[in-house]
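Novice: Provided below are the primary sequence and the corresponding predicted coordinates.
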Amino acid sequence: MTYLVTGGAGFIGSNYIHYMLKKYGGAIRIINVDKLTYAGNLENLKDVEGLDNYRFVKADICDADKVRAIFESEEIDRVVHFAAESHVDRSISDPLVFVKTNVVGTAVLLEAAKAAWENADGSFKEGKKFLHVSTDEVYGSLSEDKNTFFYEDTPYSPHSPYSASKASSDMLVKAYMDTYNFPANITNCSNNYGPYQFPEKLIPLVINNCLNGKKIPVYGDGKNVRDWLYVEDHARGIDMVMEKGRLFETYNIGGHNEMQNIEIVKLIIKTLREFLPDTDKRKQRITEDLITYVGDRKGHDRRYAISPDKIKKEAGWEPETMFADGIRLSIKWYLENPEWMERVTSGDYQNYYSQMYGE
Ligand code: NAD
Ligand code: DAU
């Protein structure tokens, strides 16, 4: 079984590749297609680099010729499409690259998969599937009423250029399913956290700032709510939808773990203080005094909360890592991998490709 994974050098993609190779070993083959933008880090995959059933291809998913060539040279059974520009703040200052990668890139992939998988009569070869990895942000923002959730049939109402581009990509996948019976699923997941997350996102940013005694920027009143999921639970959910999801269906993935941003920030400060010995000089600086309220994000969505009822009922998925454990695991990982953080924040990690591949 051959998987084409796009964006596999990013945060969720690299965790997914680790999860899949550990679970299925030599029974699967993974081709990881990634452009290696600032968010793509091949060091995340150092340990699988030499495996016979793993191959890396440096390519932009918007490059139709290259993408088509991959489908022509390999018998791809399954596509898991992660590649995207993923950071909301960046989309506010530079929206066009989001439209390009997230919308055009998805269209290019769909077209290449359709061309490779379609029979002469317009049906599709047995066993093929395209899984489009998307976000709960396409549904917009919820009120503070704790009984409201995003369901699969919640109308789309994206607000940021990022979520609008992801919503557009979802619509393209839906159009291929409706028009051509193209074999696909869409998953819409809530906020992920865990190892290998780029320190522009809230949790690794707070950990990194604490360890460096830097102020922690909290947007607005700090009471915006996100529904956090440990990244390995997301990887397992994607695998379960691939295996058990009904074709043409959408599945929401989320762990019923709503928290205000300020609660997360305070918990990270507390946990770091527990982990660090009194002799560690950094510990004295890690206090709530680092918290700094700054101007709000433009169009900041107030609350996200996912109902995972459908994936639970149809695929048997439930989160396995509770937040109290997951946040400790994550903080421990960042503490044990200071060189990863150092190389990511200094930009050094971007030299890894030329060292590895000599280009
Ligand atoms: P990320 O930014 O960490 O990684 C994105 C990866 O895509 C990087 O390796 C990057 O190099 C690659 N990429 C970007 N543009 C590309 C292009 N044009 N061609 C090929 N590769 C390209 O993102 P992430 O947080 O791992 O998110 C992965 C996917 O999951 C995205 O589609 C995102 O919308 C979705 N998602 C993320 C979250 C979350 O909390 N992070 C939650 C739900 C859904
Ligand atoms: O909900 C899923 C989405 O979660 C994914 O689709 C996105 O790819 C992913 O980046 C994430 O989006 P958010 O905007 O929710 O994540 P971020 O970590 O950027 O911000 C989380 C919350 O923390 C949000 O309310 C903004 C706030 N924040 C963020 C940063 C970076 C701060 O208060 N200060 C900060 O410095």
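Specialist: Looks like it arrived, so ask away. Numbers count the residues shown, from 1 in each chain. Ligands and ions are numbered 1, 2, ... in the order given.

Novice: got the contact list for Ser141?
Specialist: Residues in contact with Ser141 (C-beta atoms under 8 Å, 6 or more residues apart in numbering) are Ser157, His159, Asp301, Arg302, Arg303, Tyr304. The way it works is simple: take the backbone N, C-alpha and C, and place the C-beta from them, glycine included.

Novice: please redo it, this time with the cut-off set to 7 Å
Specialist: For Ser141, the contact set (C-beta atoms under 7 Å, 6 or more residues apart in numbering) comprises His159, Asp301, Arg302, Arg303.

Novice: count of residues packed around the last one?
Specialist: By the criterion of other C-beta atoms under 10 Å, Arg303 has 18 neighbours.

Novice: what's across from it in the sheet?
Specialist: Val225 (DSSP bridges).

Novice: what are the contacting residues of the helix or strand of the chain with the lowest mean pLDDT?
Specialist: Least confident helix or strand, the chain: helix 352-357 with a mean of 76, by mean pLDDT, DSSP states H and E. With contact meaning C-beta under 7 Å, 6+ apart, helix 352-357 is reached by Leu36, Leu42, Glu43, Lys58.

Novice: out of the residues you listed, which is nearest to His87?
Specialist: Leu36 (16.0 Å; C-beta to C-beta).

Novice: give me the pLDDT for Glu144.
Specialist: For Glu144, the pLDDT comes out at 90.

Novice: now the closest residue to ligand 1 within the stretch 201-350 of the chain: closest residue in space that isn't a chain neighbour?
Specialist: Nearest residue of the stretch 201-350 of the chain to ligand 1: Lys201, at 6.6 Å (C-beta to the nearest ligand atom). Nearest-residue entry for Lys201: His87, 7.0 Å, with adjacent residues in sequence omitted and distances by C-beta to C-beta, 6 or more residues apart in numbering.

Novice: wait, doesn't that neighbour sit right on Glu200?
Specialist: Yes. Assessed by C-beta atoms under 7 Å, His87 is found in contact with Glu200 at 5.5 Å.

Novice: burial measure for Thr179, as a count.
Specialist: Residues within reach of Thr179, counting by other C-beta under 10 Å, total 9.

Novice: distance of it relative to Lys128?
Specialist: 17 Å (C-beta to C-beta, to the nearest Å).

Novice: from ligand 2, how far off is the nearest residue to Arg55 once chain neighbours are set aside?
Specialist: Of all residues not flanking Arg55 in the chain, Ile31 sits nearest, at 4.9 Å (C-beta to C-beta, 6+ apart). Ile31 is 23 Å from ligand 2, where distance means C-beta to the nearest ligand atom, to the nearest Å.

Novice: for Ile31, grab the count of nearby residues.
Specialist: That count, for Ile31 with other C-beta under 10 Å as the rule, works out to 20.

Novice: over to Val108?
Specialist: Burial measure for Val108: 20 neighbouring residues, criterion other C-beta under 10 Å.

Novice: can we start the residue count at 24 from this point?
Specialist: With 24 as the first residue, the last one maps to Val131.

Novice: is it correct that it is in contact with Cys85?
Specialist: Yes. Contact criterion C-beta under 7 Å: Val131 and Cys85 qualify, at 5.8 Å.

Novice: joint contacts of those two?
Specialist: Joint contacts of Val131 and Cys85 (C-beta under 7 Å, 6+ apart) do not exist.

Novice: how many other residues sit next to whichever residue of the stretch 274-382 of the chain sits closest to ligand 2?
Specialist: Residue of the stretch 274-382 of the chain nearest ligand 2, by C-beta to the nearest ligand atom: Asn284 (4.4 Å). Number of residues near Asn284 (other C-beta under 10 Å) recorded here: 18.

Novice: so what does it have for phi and psi?
Specialist: The phi/psi pair for Asn284 (degrees, to the nearest 10) reads phi -60, psi -40.

Novice: so it touches Leu228, yeah?
Specialist: No. When contacts are counted by C-beta under 7 Å, Asn284 is not listed as touching Leu228 (11.2 Å).

Novice: between the contacts of Ser164, which has the most around it?
Specialist: Going by other C-beta under 10 Å, Asp324 tops the contacts of Ser164 with 21 neighbours.

Novice: doesn't it lie inside a strand?
Specialist: No. Under DSSP: H, G, I helix; E, B strand; the rest coil, Asp324 sits outside any strand and is assigned coil.

Novice: ok, it to Tyr242 distance?
Specialist: Distance check for Asp324 against Tyr242: by C-beta to C-beta, it reads 11 Å.

Novice: and the pLDDT for the residue of the stretch 224-373 of the chain closest to ligand 1?
Specialist: 97.

Novice: which residue, other than its chain neighbours, is closest to whatever residue of the chain ends up closest to ligand 2?
Specialist: Per C-beta to the nearest ligand atom, the residue of the chain with the smallest distance to ligand 2 is Thr158, at 3.1 Å. Excluding the flanking residues, the one nearest Thr158 by C-beta to C-beta, 6+ apart is Lys189, at 5.2 Å.
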